[in-house]
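Visitor: I'd like to go over a predicted model; first the sequence, then the structure.
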Amino acid sequence: MTHMFDLSGKTALVTGAKRGIGRGMAEALAAAGADIIGVSATLAPSSEVEQAVTGMGRSFTAHAVDFSDRAAVSAFAAEMADTAPDILINNAGTIKRAPAAEHPNDWWDEVIEVNLSAQFVLSKAVGGAMANRGSGKIIFTASLLTFQGGITVPGYAASKGGIGQLTKALANEWAGKGVNVNAIAPGYIATDNTQALQDDPDRSKAILERIPAGRWGEPADFGGPAVFLASDAARYVHGEILTVDGGWMGR
């Protein structure tokens, strides 16, 4: 059965690969045999994720792309469509926290652009190439806020709700063309995006009390789910949003 999870000979494009969940998924995919194209807004050569990947004997190609810059994303998407990686991990994202009545419009625009519009631009180009080839795996990073509204993050909640529907829409179009499109919805994970919550004693306590697993998630918790959805083991899985949340949604 282990051969079903073998990604040897595959190339995975991972956005937001520099740290956090993206890095955790990139390293797991490399451990399963995939070469990695890593992308982040600032990703210098010889980054920690590159060292980890090359230390496993896999290749790593770094790209710095600002996902709030539509022109830059479009140019990068066209380049990636030409190389047509086997796996696309749409993980890059941002979050801005402020009550809705005080939420600046430019924050809303930035979050929607980075978390949703840029994801579509890249998926359209790479997914189209995959569909023409007849094979490929696309995995989005969704969120618990794909299902829930959250507090003081209206743009983020809207963008992640959109990611859930985009996952299903693309799966509907491309499943019959050999492309699996799915998403992973993280729960509360100890990364820089959630640092404000971790540092708030009341919010952190309330969050932990609802998580049956009794702990914050870690980036490494996403390695297995990413490898599964990127592998032949998930060949009949289409349009799924897999929650990795320590049991939060079942509470």
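Guide: On my side now, so go ahead.
Visitor: how close does Ala84 get to Trp108?
Guide: 33 Å (C-beta to C-beta, to the nearest Å). (Glycine included, C-beta is placed from N, CA and C.)
Visitor: any idea of the mean pLDDT in stretch 216-225?
Guide: For stretch 216-225, mean pLDDT rounds to 95.
Visitor: remind me, longest strand of the chain?
Guide: In the chain, taking DSSP state E as the definition, the longest strand is strand 179-186.
Visitor: what about the nearest residue to Leu144 once chain neighbours are set aside, how many residues nearby?
Guide: Excluding its sequence neighbours, the residue lying closest to Leu144 (C-beta to C-beta, 6 or more residues apart in numbering) is Gly187, at 5.6 Å. Neighbours of Gly187 under the rule other C-beta atoms under 10 Å: 21.
Visitor: quick check: phi and psi on the closest residue to Leu197 other than its chain neighbours?
Guide: Computed as C-beta to C-beta, 6+ apart, the closest residue to Leu197 that is not its neighbour in sequence is Arg203, at 5.0 Å. When read as degrees, to the nearest 10, the backbone of Arg203 gives phi -70, psi -40.
Visitor: count of neighbours near Arg203?
Guide: The burial count assigned to Arg203 is 15, neighbours taken as other C-beta under 10 Å.
Visitor: per-residue pLDDT, it?
Guide: 84.
Visitor: how much space between Leu29 and Val65?
Guide: 19 Å.
Visitor: these two: which is more packed in?
Guide: Neighbours per residue (other C-beta under 10 Å) separate Leu29 from Val65, with Leu29 holding more: 28 against 22.
Visitor: so, low pLDDT: which residues of the stretch 101-250 of the chain?
Guide: Along the stretch 101-250 of the chain, no part satisfies pLDDT under 70.
Visitor: can you pull out the helices in it?
Guide: For the stretch 101-250 of the chain, the helices defined by DSSP state H, counting those that start in this stretch cover 105-112, 118-133, 154-174, 195-198, 201-210, 223-230.
Visitor: which parts of the fifth one are buried?
Guide: What that stands for is helix 201-210. The neighbour-count check on helix 201-210 (16 or more other C-beta atoms under 10 Å) flags 204, 207 as buried.
Visitor: restrict it to CA atoms and write it as CSV.
Guide: This file holds the C-alpha atoms of helix 201-210, laid out as CSV (Å, rounded to 0.1, in the frame of the first residue of the first chain):
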residue,chain,number,x,y,z
PRO,A,201,-5.1,34.5,27.5
ASP,A,202,-8.9,34.6,27.3
ARG,A,203,-9.2,33.7,23.6
SER,A,204,-6.5,31.0,23.8
LYS,A,205,-8.2,29.4,26.8
ALA,A,206,-11.6,29.4,25.1
ILE,A,207,-10.1,27.9,21.9
LEU,A,208,-8.2,25.1,23.7
GLU,A,209,-11.3,24.3,25.7
ARG,A,210,-13.3,23.6,22.5
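Visitor: check the offset of it from the chain's centre.
Guide: Taking C-alpha atoms, centre = their mean, to the nearest Å, one finds the center of helix 201-210 at 25 Å from the center of the full chain.
Visitor: other SSEs contacting it?
Guide: For helix 201-210, the elements it packs on are helix 195-198, judged by 3 or more C-beta pairs under 8 Å, 6 or more residues apart in numbering; DSSP states H and E.
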